[in-house]
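Participant: what follows is a predicted structure for the sequence shown.
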Amino acid sequence: MIKTIDYSTTLPTVQATPLPPPPTVPSSPVNVNSNVDYFLLLGRQPTMMHQCPRCSTKNIRTHVRTYPSIISWLMAIGMFLLCWPLRFVPMWLIPIAFLPLLNDKLKRSDHYCSNCSQRVGTVAPLSDCGAKTLV
């Protein structure tokens, strides 16, 4: 004899909940002069920008000011203090301790807008040293 099982009484029923509505995109344009940080690929050389985030001038070329940072000075002082007490180091090698003040990769570089002269970006010391990964 074959038994018939009614599954509708043994399985629980699940209520379906509606999905929330998708987020809406604002129709107003974004204010360029707001305090939004713009992501730029800045280096040690002047860079072309599509638009200045400060004055909204189109297609500008940045001016770069590179100067020694606190990291450069600390490295130079550390190398000088390391070379000074060593008696076997010739005196002409001591100026090598100040090479961190001459190397641009150990300095800070600030990019300025050519129209309004406001700072639009900074490259930190040692940020472009080392191996680059290609994605």
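Facilitator: Arrived safely. Everything numeric in this text was worked out from a predicted model, so none of it was measured.

Participant: ranges for the strands of the protein?
Facilitator: In the chain, the segments counted as strands under DSSP state E are 48-51, 58-61, 63-68, 107-112, 119-123.

Participant: mind listing what's buried in the second one?
Facilitator: Yep, that's strand 58-61 we're talking about. Residues of strand 58-61 classed as buried under the neighbour-count rule (16 or more other C-beta atoms under 10 Å) are Ile60. (C-beta placed from N, C-alpha, C; glycine too.)

Participant: neighbouring strands - and their directions - for that strand?
Facilitator: For strand 58-61, the paired strands and their directions (DSSP bridges) are strand 48-51 (antiparallel).

Participant: give me the contacts around the strand it pairs with.
Facilitator: With contact meaning C-beta atoms under 8 Å, 6 or more residues apart in numbering, strand 48-51 is reached by Val32, Leu40, Thr57, Lys58, Asn59, Ile60, Arg61, Thr62, Cys113, Val120.

Participant: which two from these end up farthest apart in space?
Facilitator: For the contacts of strand 48-51, the farthest-apart pair by C-beta to C-beta is Val32 and Arg61; their separation is 18.2 Å.

Participant: sorry, back to before: reformat the strands of the chain as JSON lines; add distance to Phe98.
Facilitator: Output for those, formatted as JSON lines (distance: least, C-beta to C-beta, whole Å):
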{"stretch": "strand 48-51", "distance to Phe98": "34"}
{"stretch": "strand 58-61", "distance to Phe98": "32"}
{"stretch": "strand 63-68", "distance to Phe98": "10"}
{"stretch": "strand 107-112", "distance to Phe98": "13"}
{"stretch": "strand 119-123", "distance to Phe98": "22"}
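
Participant: of these, flag the one that's most buried.
Facilitator: Here the criterion is mean neighbour count by mean count of other C-beta atoms under 10 Å, and of those the winner is strand 107-112, at a mean of 20.
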